[in-house]
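Trainee: quick one, fold the following:
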Amino acid sequence: RNTMAARGIDLADALKLLGARPCDRSGACPCHATGGAPLIGLARAAEADVCQPAAPPVPGSAGAVVITHDMSGMSTVELVRLVQQMQTERVESYEAFEHGFVTFLERLDGAAYEKLCAHITGEFAQISTAINAAEATLRAVGAAPLAALVRALQGFEQRKLSVTIELQLVRREARVAELRAEVDMEAAEALTRARDQSAVLRSGLDQLVSEINDTMDELQCELTQLCDDEDGVE
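Mentor: Have a look, this model is predicted:
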């Protein structure tokens, strides 16, 4: 049964929206059409250490906490807690990003997805800049081991965002293949390849998440020790 026709969606329009042309993963632009182009800003955010302006909040989504980057007056404990807070914000942003992407694949609402990408790009940049500032301050006050943990966290997160973007591209390709399979049986091979690629990327993403969680556990242990030391001094 032609499910696209049953839903009143034109196949050609759906393929155009998803960006049916092959993605060029070697260049700066990872894709070509609505649903993919918004990922360009996210790809740049994955590499940038500078703050980018946050987009207007998406209705119904939680915005990241705005943090000023002058942290010279903050204690070591406060800096670590700030990193933890920012990391919680980042996890929530990822959840919103994934939910929006799944909705896009289901409803093919490119405008809503593009708006979400703009907002998430701003949140990621804001969070990353705050964490980088906390790392620099930790290093400046002589807390080099803590700063090293924060730097490791940022490295894992940069790789996680890159893999997340790559995975979304492959999932888009799988969606295109699914739609084409309704009228072209040869698309089944492309769908199988895309699904295999997705499985490999998801495995790598799971490993990165594990590394991130381990790093956050180490930070929590260090924070607990710092708090115990402060209590002992009092």
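Trainee: pretty sure Glu222 contacts Arg81?
Mentor: No: counting by C-beta atoms under 8 Å, Glu222 sits too far from Arg81 to count as a contact (11.4 Å). Yep, even glycine has a C-beta here, placed from its N, CA and C like the rest.
Trainee: okay but Leu153 is in contact with Met216, surely?
Mentor: Yes: using C-beta under 8 Å, Leu153 makes contact with Met216 at a distance of 7.1 Å.
Trainee: between those two, which contacts overlap?
Mentor: Common contacts of Leu153 and Met216 (C-beta atoms under 8 Å, 6 or more residues apart in numbering): Gln87.
Trainee: which of the helices or strands spans the residue nearest to Leu201 when sequence neighbours are not counted?
Mentor: Nearest residue to Leu201 in three dimensions, chain neighbours excluded: Leu167, at 4.3 Å (C-beta to C-beta, 6 or more residues apart in numbering). Counting by DSSP states H and E, the element that carries Leu167 is helix 144-181.
Trainee: for the helix or strand hosting Leu208, packing partners?
Mentor: Using DSSP H and E, Leu208 sits within helix 187-233. Helix 187-233 sits against helix 76-107, helix 144-181, with contacts defined as 3 or more C-beta pairs under 8 Å, 6 or more residues apart in numbering; DSSP states H and E.
Trainee: next SSE downstream of the shortest one?
Mentor: The element immediately downstream of helix 76-107 (helix or strand, assigned by DSSP H and E) is helix 110-140.
Trainee: now that next one: mean pLDDT?
Mentor: Average pLDDT, helix 110-140: 92.
Trainee: begin at 8 from here
Mentor: From this message on, residue numbering opens at 8, which makes the last subject helix 117-147.
Trainee: buried residues, that helix. List them.
Mentor: Using 16 or more other C-beta atoms under 10 Å as the test for burial, helix 117-147 gives 117, 120-145.
Trainee: got it, and stretch 102-115?
Mentor: 103-104, 107-108, 111-112, 115.
Trainee: same question for stretch 78-93.
Mentor: Result for stretch 78-93 [16+ other C-beta under 10 Å]: buried residues 78, 81, 83, 86-90, 92-93.
Trainee: Asn139 against Leu160, yeah?
Mentor: No: applying C-beta under 8 Å as the test, Asn139 and Leu160 come out as separate, 10.5 Å apart.
Trainee: same question for the helix holding Leu215, mean pLDDT?
Mentor: Mean predicted confidence for helix 194-240 is 90.
Trainee: between helix 83-114 and it, find me the angle.
Mentor: Angle, helix 194-240 to helix 83-114, by axes from the mean of the first three to the mean of the last three C-alpha atoms, to 10 degrees: 160 degrees.
Trainee: angle of helix 194-240 against helix 151-188?
Mentor: 160 degrees.
Trainee: circling back to that earlier point, mind putting the buried residues of stretch 102-115 into JSON lines with distance to Val207?
Mentor: Converted to JSON lines, the buried residues of stretch 102-115 look like this (distance: C-beta to C-beta, whole Å):
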{"residue": "Ala103", "distance to Val207": "25"}
{"residue": "Phe104", "distance to Val207": "20"}
{"residue": "Gly107", "distance to Val207": "23"}
{"residue": "Phe108", "distance to Val207": "18"}
{"residue": "Phe111", "distance to Val207": "22"}
{"residue": "Leu112", "distance to Val207": "19"}
{"residue": "Leu115", "distance to Val207": "26"}
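Trainee: ok, these vs Arg182, which is closest?
Mentor: Leu112 (5.1 Å; C-beta to C-beta).
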